[in-house]
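A.B. asks: got a predicted structure here, sequence first:
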Amino acid sequence: MGIRAWLVVLVSVVSVGSGAQPAAAFGGKILIIGSSTTACAGQLSSPARCYVRLVEAAHGDDEFTVVGRSGTYIGYGTDPARNWTTTPIPRGHDRVIIQLGVNDWYVPVQPAQLRHDIDRLVGRVKATNPRARIAWVRTWMPAPTGDVGVRQGMWARHGRVTAAAMRAARATFLDMRTRPGPRRSTLAGDNGWHYNDRGHAELAAALNAWLNR
């Protein structure tokens, strides 16, 4: 199971002259919020292989704020330490990336409630970052437990709900779609909840493509 004791990682970094892959000149402020993957959990060969570090390295002219909290949900539960609809949202950014939803699928949060929670969180993000472009990235589905058909069906419904919410918000939905499999998640017993170097690199590539638009 991917729900771990929560961890807070709050970083504000200005990267200069990284020598990483070319990126479009932007020079803006980028906020990334998310759960354990954004907190750099996974089977990484080094911290530099985390997707947020790769995105920072590819956009050396930009200023990043990263808030990663393991074991968190979009809006499920009453614990404010695990609920993003009560977490203060940093303000004043030009782009916002949200990496959430897998833990809500595990619960599972029902689709109507999921839409309510997404709308509430996106509304809070827009209130503090009114001119920001927003992208919501959904990572790969972990190996389903219990009734596999029910789990897969819920994943599909969650995807449709999230896509509809992003259309309504005029935001972008980046869905990694496929299950991670051994190429992206290699730790025995992890069941695809957390990612290795390849998985983080694929996430970074998808986000870099969006940032470069």
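C.D. replies: Good, I have the coordinates.
A.B. asks: so where is the chain shaky, pLDDT-wise?
C.D. replies: For the chain, applying pLDDT under 70 flags the ranges 1-26, 178-183, 186-189.
A.B. asks: quick check: buried residues in the helix ranked longest in the chain?
C.D. replies: Ranked by residue count under DSSP state H, the longest helix found in the chain is helix 148-168. Neighbour counts over helix 148-168 (16 or more other Cβ atoms under 10 Å) mark 151, 154, 155, 158, 159, 161, 162, 165, 166 as buried. (Glycine included, C-beta is placed from N, CA and C.)
A.B. asks: could those be laid out in CSV, adding distance to residue 92?
C.D. replies: Compiled in CSV, these are given as follows (distance: Cβ to Cβ, whole Å):
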residue, distance to residue 92
151, 39
154, 36
155, 34
158, 30
159, 31
161, 29
162, 26
165, 24
166, 22
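A.B. asks: among the residues you listed, which one lies nearest to residue 42?
C.D. replies: Of all these, residue 155 has the smallest distance to residue 42: 20.1 Å, by Cβ to Cβ.
A.B. asks: in contact with the closest one, which residues?
C.D. replies: Contacts for residue 155 were tallied using Cβ atoms under 8 Å, 6 or more residues apart in numbering; they are 105, 141, 144.
A.B. asks: report the separation between it and residue 98.
C.D. replies: Going from residue 155 to residue 98 by Cβ to Cβ, to the nearest Å gives 18 Å.
A.B. asks: also residue 212?
C.D. replies: Separation of residue 212 from residue 98 (Cβ to Cβ): 18 Å.
A.B. asks: go on, residue 87?
C.D. replies: For residue 87, the distance to residue 98 equals 12 Å [Cβ to Cβ].
A.B. asks: okay, these two: which has more neighbours?
C.D. replies: The residue with more neighbours, out of residue 87 and residue 98, is residue 98; 25 against 17, by other Cβ atoms under 10 Å.
A.B. asks: which phi and psi does the more buried one have?
C.D. replies: Dihedral pair for residue 98: phi -120, psi 120, per degrees, to the nearest 10.
A.B. asks: make 23 the starting number, not 1.
C.D. replies: With the count now opening at 23, the last piece we talked about shows up as residue 120.
A.B. asks: from memory it sits against residue 156, does it?
C.D. replies: Yes: using Cβ atoms under 8 Å, residue 120 is in contact with residue 156, at 6.9 Å.
A.B. asks: shared neighbours of those two, anything?
C.D. replies: Joint contacts of residue 120 and residue 156 (Cβ under 8 Å, 6+ apart) are 144, 147.
A.B. asks: using the three-state scheme, assign residue 195.
C.D. replies: strand (DSSP: H, G, I helix; E, B strand; the rest coil).
A.B. asks: show me what it is bridged to.
C.D. replies: Beta-bridge partners recorded for residue 195 (DSSP bridges): residue 158.
A.B. asks: what residues are up against it?
C.D. replies: So residue 195 contacts 157, 158, 160, 184, 185, 188, 189 (Cβ under 8 Å, 6+ apart).
A.B. asks: could you check how far the residue lying closest to residue 155 once chain neighbours are set aside is from residue 233?
C.D. replies: Spatially, and ignoring its direct neighbours in sequence, residue 155 is nearest to residue 117 (5.2 Å; Cβ to Cβ, 6 or more residues apart in numbering). According to Cβ to Cβ, residue 117 and residue 233 sit 6 Å apart.
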